[in-house]
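Give the three-dimensional model of this entry:
(one chain, ligands or ions: 2)
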Amino acid sequence: MKQIIIATNNKGKAKDFEALLNPLGYEVLTLQDIEEEIDVEETGTTFEENAILKAEETAKILNKPVISDDSGLEIDALNGEPGIYSARYAGGEKSDSANIDKVLSKLEGVPEEQRTARFRCVLAIAAPGEQTETFSGSCEGRILNGRRGEHGFGYDPIFYVPELDKAMAELAPEQKAKISHRGNALRELKAAMPSWLS
Ligand SMILES: O=c1nc[nH]c2c1ncn2[C@H]1C[C@H](O)[C@@H](COP(=O)(O)OP(=O)(O)OP(=O)(O)O)O1
Ligand SMILES: [Mg+2]
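Ligands and ions are numbered 1, 2, ... in the order given. This is a model prediction of the structure:
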């Protein structure tokens, strides 16, 4: 089986990429599968910058082509927060549960029609000696009043997908792959760089 390295330490993202890439005949490897500990500092001010930082630094260390993912949730009623700070919204130690609690408390009393939000994902492809490329995808929805569903990771339990009348965490990985910001970004990548994912 062909292998592809995703420059992430997030196990939830790894599962999403498996649902997207296994059907194309790729085995997904992440930073959790390799000896070296790589945790690139996200000092950029946009998803693009952070995705490029993660991809280029990882490709350089491993001397191999990699794909990175920088993603997050933008909530309109919070002026786009948590945005690029999604992973550390509730503080230093990354905690999906604490992050969700913070969003729910900030949105307390905000009516349904004002709870619009979107997930964004930027993928960067970097390879030694090659120009880095980026691709982006988004997924529109609304923030629920509480958690629903057991699948996924991050903010999935509080993200409602109107077309499917389901929370993102109520979708099986294959269903999420069809509509997610990550799936949409990967389809952009595949359309522009077919030789990468054939
Ligand atoms: O499909 C998703 N479903 C739910 N939540 C999501 C999703 N996609 C991103 N998110 C949230 C999780 C995390 O709070 C942040 C990503 O932060 P981000 O820096 O890109 O990832 P990370 O630090 O967890 O792992 P890494 O940088 O090693 O890839 O956005
Ligand atoms: Mg990160």
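
State the phi and psi torsions of the closest residue to Glu36 other than its chain neighbours.
For Glu36, ignoring the flanking residues on the chain, the nearest one in space by C-beta to C-beta, 6 or more residues apart in numbering is Ile61 at 6.6 Å. (C-beta placed from N, C-alpha, C; glycine too.) Dihedral pair for Ile61: phi -60, psi -40, per degrees, to the nearest 10.

Just confirm Ile61 contacts Glu37, I think it does.
No. In this structure, Ile61 is not within contact of Glu37 by C-beta atoms under 8 Å, at 10.3 Å.

and Lys15, what is it in contact with?
Contact partners of Lys15, counting by C-beta atoms under 8 Å, 6 or more residues apart in numbering, are Phe153, Pro173.

Could you do Tyr89 as well?
If you count contacts by C-beta under 8 Å, 6+ apart, Tyr89 has them with Glu81, Pro82, Asn99, Lys102, Val103.

farthest pair in those?
Greatest spacing in the contacts of Tyr89, by C-beta to C-beta: Glu81 and Asn99 (11.1 Å).

Spatially nearest residue to whichever residue of the chain sits closest to ligand 1 (excluding sequence neighbours)?
Closest to ligand 1 within the chain is Gly154: 2.2 Å, counting by C-beta to the nearest ligand atom. Excluding the flanking residues, the one nearest Gly154 by C-beta to C-beta, 6+ apart is Asp96, at 5.4 Å.

May I have the phi/psi pair for Phe17?
Torsion angles, degrees, to the nearest 10, at Phe17: phi -70, psi -30.

Please apply the same query to the one 10 residues further on.
With angles defined as degrees, to the nearest 10, Glu27 shows backbone torsions of phi -90, psi 130.

That one against Gln3, yeah?
Yes. Using C-beta under 8 Å, Glu27 is in contact with Gln3, at 4.9 Å.

tell me the contacts of Lys11?
Thr30, Gln32, Phe153.

what's the neighbour count on the first one?
By the other C-beta atoms under 10 Å criterion, the neighbourhood of Thr30 contains 19 residues.

my guess is it meets Gly12, correct?
No. Thr30 is not in contact with Gly12 according to C-beta under 8 Å; the separation is 10.8 Å.

and the residue sitting nearest the centre point of the chain, which of the three is it?
In the chain, the centroid-proximal residue (C-alpha atoms, centre = their mean) is Ser71; its distance is 4.1 Å. Secondary structure for Ser71, judged by DSSP: H, G, I helix; E, B strand; the rest coil, is strand.

right, and it touches Ser136 too?
No. Ser71 lies out of contact with Ser136 (C-beta under 8 Å); the separation is 9.6 Å.

Common neighbours of the two, please.
Phe47, Arg120, Cys121, Val122.

Check those for burial and list the buried ones.
Phe47, Arg120, Cys121, Val122 (16 or more other C-beta atoms under 10 Å).
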